[in-house]
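below are the sequence and a predicted model for it; my questions follow.
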Amino acid sequence: MRFLQIKHLAAEHLNSAVELDRLCFGGLWAIEGYRRELDSPNSDLLGLWTWEGAGTGAPPLQIRAGTGAPPLQIRAGTGAPPLQIPPTLIGIGCLWAILEEAHIIMLAIHPQFQGQGLGQALLLALLKSACDRQLERATLEVRDSNLAAVSLYKKFGFKEAGRRKRYYEDTGEDALVMWRSGLEKPEFQRYLADEKREICDRLHQKNWHLAIDIFDF
Ligand SMILES: CC(C)(COP(=O)(O)OP(=O)(O)OC[C@H]1O[C@@H](n2cnc3c(N)ncnc32)[C@H](O)[C@@H]1OP(=O)(O)O)[C@@H](O)C(=O)NCCC(=O)NCCS
């Protein structure tokens with residue numbers, strides 16, 4: 001069975017973060033960039049891990065950074081069978097809290113795991129983090145041509161508020177600036193709860209086992 005967990009990244013995960021960054025963005029941030037986020041009290045740097053094994057799905061005591069190394073046979077807890085595949089980082093998301101705004105500056109899912117509802121799970125986790133910090137609005141910039149990301153953000157109520165012309169130096173593309181307001185309202189808590197239910201149902205249908213609350217990070 002394959003399991004999922006969302007957790008804050010720690011220093012021992014940064015090599016995996018850089019590896020995933022290379023796969024998803026062609027190398028946007030070096031390890032120092034990730035370390036800065038860890039060190040900043042205004043950043044939330046979240047990772048999405050998967051591992052495979054039998055049993056209850058109790059998360060490994062300590063999520064390790066899987067880098068393609070052979071399975072480590074970590075034990076999930078007393079009496080649990082050894083994990084067959086150690087936890088591997090397959091998603092990463094980051095926000096900056098600036099005044100009452102959540103700036104979502106990174107969201108990525110490993111290419112082999114896209115299209116299964118994991119991107120929306122990680123976005124939901126970032127929005128939950130923003131709520132926990134009592135932020136009121138969320139914003140981000142996204143490439144005009146990134147239809148998957150634009151569609152994902154729209155699904156979560158982000159609206160296009162403007163463009164930064166020729167923002168991306170590599171292609172000269174525009175950046176769309178998107179905003180999502182109302183995070184401080186009580187109905188947003190209900191919205192998060194409803195979305196969480198839907199996302200979890202979808203992940204179950206895609207054969208992900210959620211023996212633990214993956215949003216309890
Ligand atoms: C954008 C990204 C995070 C989406 O992750 P994902 O796990 O594939 O997305 P999900 O399976 O959770 O899909 C959620 C929604 O996103 C949108 N979406 C995802 N893939 C899509 C695609 N290929 N085409 C159109 N819409 C898509 C849809 O609205 C989808 O909802 P639906 O399945 O109900 O239609 C992922 O494609 C990615 O990591 N891309 C590379 C990095 C990147 O561009 N990040 C964004 C930078 S701003």
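Sure thing, it's come through.

which parts of this protein sit against the ligand?
Within the chain, the positions near the ligand by CB under 6 Å from any ligand atom are 24, 107-109, 114-120, 142, 146-149, 151-152, 155. (Each C-beta comes from the backbone N, C-alpha and C, glycine too.)

restricted to helices, list those residues.
The helices, defined by DSSP state H, take in 24, 118-120, 147-149, 151-152, 155 from the residues of the chain next to the ligand.

let me have these in JSON lines, extended by distance to residue 175 and pLDDT.
Putting those into JSON lines (distance: CB to CB, whole Å; pLDDT from 0 to 100) gives the following:
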{"residue": "24", "distance to residue 175": "17", "pLDDT": "96"}
{"residue": "118", "distance to residue 175": "24", "pLDDT": "97"}
{"residue": "119", "distance to residue 175": "19", "pLDDT": "98"}
{"residue": "120", "distance to residue 175": "21", "pLDDT": "97"}
{"residue": "147", "distance to residue 175": "14", "pLDDT": "97"}
{"residue": "148", "distance to residue 175": "16", "pLDDT": "97"}
{"residue": "149", "distance to residue 175": "11", "pLDDT": "98"}
{"residue": "151", "distance to residue 175": "16", "pLDDT": "98"}
{"residue": "152", "distance to residue 175": "16", "pLDDT": "98"}
{"residue": "155", "distance to residue 175": "19", "pLDDT": "97"}
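
now do the strands in this structure.
All strands of the chain, identified by DSSP state E, fall at 2-8, 43-52, 85-98, 101-109, 137-143, 159-164, 175-180, 208-209.

which stretches of the chain have low pLDDT?
55-84 (pLDDT under 70).

can you give me the neighbour number for the residue of it found nearest the ligand?
Residue nearest to the ligand within the chain: residue 119 (2.2 Å; CB to the nearest ligand atom). For residue 119, the tally of surrounding residues (other CB atoms under 10 Å) stands at 21.

can I assume it is in contact with residue 109?
Yes. Assessed by CB atoms under 8 Å, residue 119 is found in contact with residue 109 at 4.9 Å.

any residues in contact with both of the two?
residue 91 (CB atoms under 8 Å, 6 or more residues apart in numbering).

show me what contacts the closest residue to residue 206 other than its chain neighbours?
Closest residue to residue 206 apart from its sequence neighbours, by CB to CB, 6 or more residues apart in numbering: residue 116 at 4.6 Å. By CB under 8 Å, 6+ apart, residue 116 lies in contact with 203, 206, 208.

just the buried ones from these?
Burial by neighbour count, 16 or more other CB atoms under 10 Å: within the contacts of residue 116 this picks out 203, 208.

looking at the contacts of residue 116, spot the one nearest residue 181.
If you rank the contacts of residue 116 by distance to residue 181 using CB to CB, residue 203 comes first, at 27.5 Å.
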